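Participant: predicted model, plus sequence, below.
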Protein chains: 2
Amino acid sequence: MSTKAKSSPRERLLEAAATLTYQDGVNIGIDALCKAAGVSKRSMYQLFESKDDLLTASLEERASAYVAALLPAGDDARPPRERVLHVFAQAEAEARAPDFRGCRYLVAQIELKDPGHPASGVARRVKEKVTAFFRAEAEQGGAGDPDLLARQLILVFDGASARAGIRADTPAGLLAPTVTVLLDAAGVR
Amino acid sequence: MSTKAKSSPRERLLEAAATLTYQDGVNIGIDALCKAAGVSKRSMYQLFESKDDLLTASLEERASAYVAALLPAGDDARPPRERVLHVFAQAEAEARAPDFRGCRYLVAQIELKDPGHPASGVARRVKEKVTAFFRAEAEQGGAGDPDLLARQLILVFDGASARAGIRADTPAGLLAPTVTVLLDAAGVR
């Protein structure tokens, strides 16, 4: 972390939480987080109420940028079909990273096993934004059943991410043909 | 556990590992496992080399029964299309359980974050059996690209299971229409 010396204890804790929980899981210990951030436990507890609070803040901090990087710009003039395929092309590119372990917002929810956990709430809202995008494009593109198409698309999104994350498959040659079939069947040309 | 008194320490440890890792994650401590099984740590280490060994054995123990319950019988006379839909109907029924947290073989791999872990290997082989079933039915049913269809089907299987496990969606009204679209597009009538 070359910027360590310049960033604040709060920023370093958020960075360590994002990196280590993604790499090792949400059950990573507080000692490991503080050590990686170069921050004392005492300082950590002055900044965050608990490890759960730190985890929640670290997911929240990246949420807007994640959604913005995934979705096409609002004034993108391409038709809905291409805008949907754009999201899956982004997802495919993301999955190519050597340290990819699946979408962090899916994985966090799976590991927390508690829909009521504040961090699960943050992760759920990220997914709801992506689903809402699919729903709006489906409607705009004239889908026969926009709700169904949106559910199908986020299902494929999460399934591909989970399977790429465990190295069971890669999205290449899979995501685009699958999404195309679903768009065709829904009547989105 | 009404059968606790009758079952062996080994059986109780396997049962506790299966139940608690599914409920709380693969990072559940060895003390909690031994306590739930009513077995001393000393006895546990006489039966299993490590917690990883116990986890691997607990996944292995249920693997055959899981696959058998999911797939139609080998002498089932229905056409491939119906045999594939049968698997998704089973998955949908499984996801209705109040304590459903996703397919344990997917979740274990996500949580372990190590394809080289022996327990990941057990889980991966379970999924490969299901994928091989889809591949064989796709070929039998005349799919244009049986490999692609098999990849699509296991992607939908895992995606639906992950999303149902985190309560983001339910397979009802989603799995059957999605699988039908994919079978239609592949030419499996």
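Facilitator: Great, that's in hand. Numbering: from 1, shown residues only, chains lettered A, B, ... in the order given.
Participant: leaving out the residues flanking it, which one is nearest to whichever residue of chain A sits closest to chain B?
Facilitator: Proximity of chain A to chain B (CB to the nearest CB) peaks at A:Gly159, 2.2 Å away. All C-beta atoms are positioned from the backbone trio N, CA, C, and that covers glycine. Leaving aside its sequence neighbours, A:Gly159 sits nearest to B:Gly159 (CB to CB, 6 or more residues apart in numbering or on different chains; 2.2 Å).
Participant: contacting residues around that neighbour?
Facilitator: By CB atoms under 8 Å, 6 or more residues apart in numbering or on different chains, the contact set of B:Gly159 is A:155-160, A:162.
Participant: just A:Lys127 next, same as before
Facilitator: So A:Lys127 contacts A:105-106, A:154, A:158, B:168 (CB under 8 Å, 6+ apart).
Participant: could you chop chain A up by domain?
Facilitator: A:1-48, A:63-186 (automatic domain parsing).
Participant: out of those, nearest to A:Ala57?
Facilitator: Evaluated over those, closeness to A:Ala57 peaks at domain A:1-48, with 6.1 Å, by CB to CB.
Participant: buried stuff in stretch A:115-124?
Facilitator: The neighbour-count check on stretch A:115-124 (16 or more other CB atoms under 10 Å in any protein chain shown) flags A:117-120, A:122-124 as buried.
Participant: in CSV: these, plus pLDDT, secondary structure and distance to chain B.
Facilitator: Below are the buried residues of stretch A:115-124 laid out as CSV (pLDDT from 0 to 100; DSSP: H, G, I helix; E, B strand; the rest coil; distance: CB to the nearest CB, whole Å):
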residue, pLDDT, secondary structure, distance to chain B
A:His117, 97, coil, 11
A:Pro118, 97, helix, 15
A:Ala119, 98, helix, 12
A:Ser120, 98, helix, 7
A:Val122, 98, helix, 13
A:Ala123, 98, helix, 8
A:Arg124, 98, helix, 7
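Participant: quick one: the helix or strand A:Gln109 falls within near chain B?
Facilitator: In this assignment (DSSP states H and E), A:Gln109 forms part of helix A:104-112. Yes: using CB under 8 Å from any CB of the partner chain, helix A:104-112 reaches chain B at A:106-107, A:109-111.
Participant: hey, where'd the helices end up in chain A?
Facilitator: Using DSSP state H, the helices of chain A run over A:9-24, A:30-37, A:41-47, A:51-70, A:80-95, A:104-112, A:118-140, A:146-165, A:175-186.
Participant: what's the closest of those to B:Val26?
Facilitator: helix A:104-112 (9.4 Å).
Participant: just checking, what packs against that closest one?
Facilitator: helix A:9-24, helix A:51-70, helix A:118-140, helix A:146-165, helix B:104-112, helix B:146-165 (3 or more CB pairs under 8 Å, 6 or more residues apart in numbering or on different chains; DSSP states H and E).
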